[in-house]
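Trainee: Fold the following and give me the result.
(3 chains)
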Amino acid sequence: MEWRGVAIRDTFAEAFDMYAARVVITAGSAAWARTAGQAMTGFATSVIGCKVEAGIEGDLDPAATPDGRPGISLLVFGVDQAGLTTRLLDRIGQTVLTCPTTACFDGLPDAASRAPVGGVLRHFGDRFQSSKVIDGVRYWRIPVMEGEFLIQETFGIQKAIGGGNLLILGADQKSALAAAEAAATAMRAVRGVILPFPGGIVRAGSKIGARRYKSMIASTNDAFCPTLRGRVGVDSALPENVNAVLEIVVDGLDRPAIEDSLRAGIDAACRPGVVAITAGNYGGKLGKHHFRLHDLCASWSTST
Amino acid sequence: MTLTLQQQPTVPLEAEVLSPDVIAPLGLDAVRALPVFHGKRQRRLDEFFSVVGSPGDDLEIEGDLRKVKWIGRGMTRGRVAVRGDVGMHLGAYMKGGSIEVTGSASDWVGGEMSGGTIRISGNAGGQIGAAYRGSSTGMADGTIVVGGSAGLEVGMRMKRGIIVIGGPVRDFAGLQMKGGTIVLGAGAELRTGAWMMRGTIVSLKPIPIMPTFAYASTYTPTFLRILARHLATLGVTLPTDDAKGSYHRYNGDSSVPGKGELFVWSASAEASARQG
Amino acid sequence: MLRITGGRVYDPANGVDGVVKDICVADGRVVADVQRARTIDATGLLVFPGGVDVHTHVAGGALNFARGLVPENQRAARKFLRSPDRRAGLGGMTPTTFATGYLYAGMGWTTVNEAAVPILSAKHTHEELHDTPIVDKSSLLLMANNEIVLDLLEAGEAERARHVVAWLIWAAKVYGVKAVNPGGVAAWKWGKNAGTLHEPIQGYSRVTPAKIIAELAQIVDDLALPHPLHLHANHLGIPGNFETTIETMQVIDGRRAHLAHLQFHAYGGDDWGNMRSQAAAVAEEFNKRRNLTTDAGAILFGDAVTITADGPWQHLLYQLTGRKWGNLDVENETGCGIVPYVYKDRSLVNAVQWAVGLELLLLIDDPWRVFLTTDHPNGGAFWRYPEIIRMLMDVEFRKTQIAALPEAARSRMTLPEITRQYTLSEIAIITSAGPARALGMPQKGHLGVGADADIAIYPEKPDDGVLFSYPRYVLKAGDVVVEEGDVRAVNDGREFIVRPAYDETIEEYLRPLFQKVYTMSFENYPVELERVRNAEIRS
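Mentor: Okay, here's the model as predicted:
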């Protein structure tokens, strides 16, 4: 199908089961909340190399935070619950506990599975910590040099989906990037998702394993590298008028969030200079979540 | 269902049957025949109360109930609305549900309660949410909000939960406290927090500080901001605006030695004067 | 007059083991036959001699102090409402006097031995025993830390000490002699405890715990008291104390003695972290010494209140629990400590204690020498005895209880390997025939002609599956006092006291000494015989 003159390929994005936590950080100012949030979600692009995928879900108004201060909401994804718990402890311990004025809250209060985060980090308090139960929720208060750090005892962990993606095939690098930026902005506006790569965009799309280096878990996605078109042994997926490809990866708390995000991304990316939109998959055998691009855009084609 | 005190008891009337748990499953006749103890003599409920309406989880109890004790004892659900002053042990051992009093209450409101909410518009007596004599712990959870004043030993040995007293409080608030939070809207008299092991006492007015409490610092802890949001739903205002002031924190009671904390609100001018 | 017919009778003292036979009752005693009597049909029921508690704490100053110290327990306790027959009261860990009688009788127990009476509070004790209905009572005088006696032992005046002990027994109107932590309570008045059995205690140069034990046991034997020296040995409750207990048996040598609550004295290890059961070693030594009897002092998980004259131990227990502590000083005679306690099955120490009590009951081979107690209320309330009986009789049930204990605790006990199960006849021995014989009460603990008609009749297959918890009938002195587990009629019990022979001139020795060191005048000190109502005097 076509949308605004851009071809939308009849394929699907293949995504995986993951586990997610939502971390809400509040601080004395919105700027300090964002500082903590950026540090907490840094170097968390892919579970392959970072063991965790994380990003900023959105800023929170004072009225929407537990303590009435400006806040920020983060999503953190891991492949299993135990690993995710460990990453939360590492990251909150190093980047939130240490950051001036912050407090740290669970953003998934309804999740049945609970990870003891504050319940473990409290040991930093060396028995000077104390706890307080307010409205059925236990918080730990850890004395620090600047006052006290407050963190909720447990954080919810829920099943989630990671690895939803779009591939934007551009006529040139500049057009591809402009389209990807527009798509990332639209996709981030959806609640319940994050885009874990820098600025939400990844240029180094990968395939599983490697042809020549047996120890590599992943290697460059040669079929989508324009420079390899025509090389012997490369089965290029790119038509001749494509000179740059950018990918957007999206992790979400549930299927509808990813669908909404992908749909918004496709819509925003369909603009001049873009040849086609496609998606990455592994033949559908590795990830159990499939997002068919034509299904996402089904409502558009009927109305146009 | 509405119960109105018609016959004033001459000695205290022990009426723990006035609880949704007891009344809801019964028929009207059975409610009227419920046993109450007038001193040591067993009587029928309807010898003292008129009983109107159909039994259920909502009870309205009216009249001069100052001699009626143990209303809502051990209740786990439902709502009891009391119109008039009420006697001792209101909501003692309560586990859930709510009691609202339009009037004043006596001693031992919410004694050893472990859940639920009690709200009193007027004054209350002493030993609110306290441990009964001999018990190691008092209130284990739940919320008590008193609009007016309160007596001695408020929150004695309480372990969890929240007590808010709007008016002045007498001596020994938070005696041997083990946890939980007491908010004193208008301060307290002597020995607030004596022997406290853990827990928090917040006073919005200056109070006499025992010599076994040490001044620690001046700030507004984050948990107080969370507490303030929670209390706002109960109609209670706890100041947390940094521009208006902050709290002096005192640690104690060091004679136990305790890990308790006493927060005394200090308006900003006063706070800056202290720093200077 | 009464005839109990059709029941299976367990009367081990007379060699009757589950035989269906009639028991006839007239004038409060078992008789050979009765004519035109009321008949109780006991078909399908078990007929037992009424239970005898050889060691319990149910009356007196210490217990009353404990009642006051634990109002929270009283609030949770079973209530006894006043009725035309019954007085109001409370059950629980430290039952009120009337409730004590109702609870014992309601379980089929008809004789109790109050095991710790200071002379100075003997009057109080007798008043309370009088208010403990239905059951027959005896009581034991605390003696192993009495300064006058210890001073005589220091001076080597054993003969005079014997006269003093005899005089004190009659002055207090008690039944026998109790020794608690010999020398340790006297040392506690200096803030100390007794050391090893052969070290002199604080304030003396020659008096050692061993000397007190040996001389008091000798005095009790010389006075031919019906019950031997009733000994709460040194080092109660301390890890590693089994060695002291074995040494104590050696010190007693060939004399008679009853070792109280042996469970608290059979621990190995050397601190709370590595404490383990040494019940097997204690039982092995005990089995060899036919001059000794003992009671289990078993513990049950749940609330208890520890009450003992062993003041230094109670101070240690208070430091372990950090809760409440009562400490009484009884002038020159003894002291007392009270600490509420909760035995928890998740606690290694408590789990080991639980096992030790059962192990002793199972490893001591002669049921005539080991009796069922919880050292009420120290190891648990007496009204929980049926729970222990069930564990003794049912090895499979016992296994399920052991399985619930922490793994680490199971490796510190021998109980999981013990397969012995008590027979009904053996239960009759450890709950009645044995303690009656040890107390020297020939009219108790059996159903032969001439015995007191104290009879407990239990359903063979109770509804709740727990034998002995609800007797169908209990007879006390021939009166049917309990039916269907409920007290239906109340009669007064008797008090057994002894009047040992002593030289009357001993009063001339005691009077000036007494006037010098006591707060009470000599004339007011002894309990008048009139104060002991329904007294039955043995001489």
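Trainee: C-alpha only now, for contacts and for neighbours.
Mentor: Noted.
Trainee: surely residue A:21 meets residue A:79?
Mentor: No. Contact criterion C-alpha atoms under 8 Å: residue A:21 and residue A:79 do not qualify, at 11.6 Å.
Trainee: For the stretch 151-276 of chain B, just list every one of the helices.
Mentor: Ranges of helices in the stretch 151-276 of chain B, per DSSP state H, counting those that start in this stretch, are B:222-232, B:268-275.
Trainee: mean pLDDT lowest for which of the ones you listed?
Mentor: Per-stretch mean pLDDT for those is lowest at helix B:268-275 (a mean of 61).
Trainee: Residue A:21 and residue A:79: which has the busier surroundings?
Mentor: Comparing residue A:21 with residue A:79 by neighbour count (other C-alpha atoms under 10 Å in any protein chain shown), the higher total belongs to residue A:21, at 28 against 20.
Trainee: The more buried one bridge partners, please.
Mentor: On the basis of DSSP bridges, residue A:21 is bridged to residue A:76.
Trainee: gap between it and residue A:38?
Mentor: 16 Å (C-alpha to C-alpha, to the nearest Å).
Trainee: Figure out the helix or strand that residue C:357 lives in.
Mentor: If you go by DSSP states H and E, residue C:357 is part of helix C:348-363.
Trainee: need the next SSE after that helix, C-terminal direction.
Mentor: Past helix C:348-363, the next helix or strand by DSSP H and E is strand C:370-371.
Trainee: could you point out which element follows that next one?
Mentor: helix C:385-393.
Trainee: Report the distance from that following helix to the chain centre.
Mentor: For helix C:385-393, the gap between its own C-alpha mean and the chain's C-alpha mean amounts to 17 Å (C-alpha atoms, centre = their mean, to the nearest Å).
Trainee: pretty sure residue A:253 contacts residue A:17?
Mentor: No. Contact criterion C-alpha under 8 Å: residue A:253 and residue A:17 do not qualify, at 10.2 Å.
Trainee: Determine the set of other helices and strands touching the strand ranked longest in chain A.
Mentor: If you go by DSSP state E, chain A has its longest strand at strand A:154-170. Under the contact definition 3 or more C-alpha pairs under 8 Å, 6 or more residues apart in numbering or on different chains; DSSP states H and E, strand A:154-170 sits against strand A:12-26, strand A:103-106, strand A:113-116, helix A:173-188, strand A:244-252, helix A:255-269, strand A:274-278.
Trainee: For these, give me a markdown table that also has distance to residue C:78 and mean pLDDT.
Mentor: Putting the helices and strands packed on strand A:154-170 into a markdown table (distance: least, C-alpha to C-alpha, whole Å; pLDDT from 0 to 100) gives the following:
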| stretch | distance to residue C:78 | mean pLDDT |
| --- | --- | --- |
| strand A:12-26 | 50 | 97 |
| strand A:103-106 | 46 | 98 |
| strand A:113-116 | 41 | 97 |
| helix A:173-188 | 65 | 97 |
| strand A:244-252 | 58 | 98 |
| helix A:255-269 | 59 | 97 |
| strand A:274-278 | 77 | 97 |
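Trainee: What residue in chain A comes nearest to chain C?
Mentor: residue A:127 (19.6 Å; C-alpha to the nearest C-alpha).
Trainee: thinking again about what came up before, in its sheet, what does the longest strand of chain A sit against?
Mentor: Applying DSSP bridges, one finds strand A:154-170 paired with strand A:12-26 (antiparallel), strand A:113-116 (antiparallel), strand A:244-252 (antiparallel), strand A:274-278 (antiparallel).
Trainee: So for that strand, mean pLDDT?
Mentor: Averaging pLDDT along strand A:154-170 gives 97.
Trainee: What of stretch C:274-285?
Mentor: Per-residue scores along stretch C:274-285 average to 98.
Trainee: In CSV, list the C-alpha atoms belonging to that stretch.
Mentor: What follows is stretch C:274-285, C-alpha atoms only, in CSV (Å, rounded to 0.1, in the frame of the first residue of the first chain):
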residue,chain,number,x,y,z
ASN,C,274,24.6,-24.3,69.1
MET,C,275,22.2,-25.5,71.7
ARG,C,276,21.0,-29.0,71.1
SER,C,277,19.1,-31.8,72.9
GLN,C,278,21.0,-33.9,75.4
ALA,C,279,17.8,-35.7,76.5
ALA,C,280,19.3,-39.1,75.6
ALA,C,281,22.3,-38.6,77.9
VAL,C,282,20.1,-37.3,80.8
ALA,C,283,17.6,-40.2,80.3
GLU,C,284,20.4,-42.8,80.2
GLU,C,285,21.7,-41.6,83.6
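Trainee: Check the offset of the strand or helix carrying residue C:124 from the chain's centre.
Mentor: Per DSSP H and E: residue C:124 is located in helix C:122-130. From the chain centre to the centre of helix C:122-130 is a distance of 17 Å (C-alpha atoms, centre = their mean).
Trainee: I'd like the next helix or strand past that helix.
Mentor: Following helix C:122-130 toward the C-terminus (DSSP H and E): strand C:136-142.
Trainee: Please enumerate residues in contact with the following helix or strand past that following strand?
Mentor: Downstream of strand C:136-142, the next assigned helix or strand under DSSP H and E is helix C:147-154. Around helix C:147-154, the neighbours that count as contacts under C-alpha atoms under 8 Å, 6 or more residues apart in numbering or on different chains are C:143-144, C:158, C:160-161, C:164-165, C:186, C:204-207, C:212, C:332-333.
Trainee: Thank you kindly, that will do.
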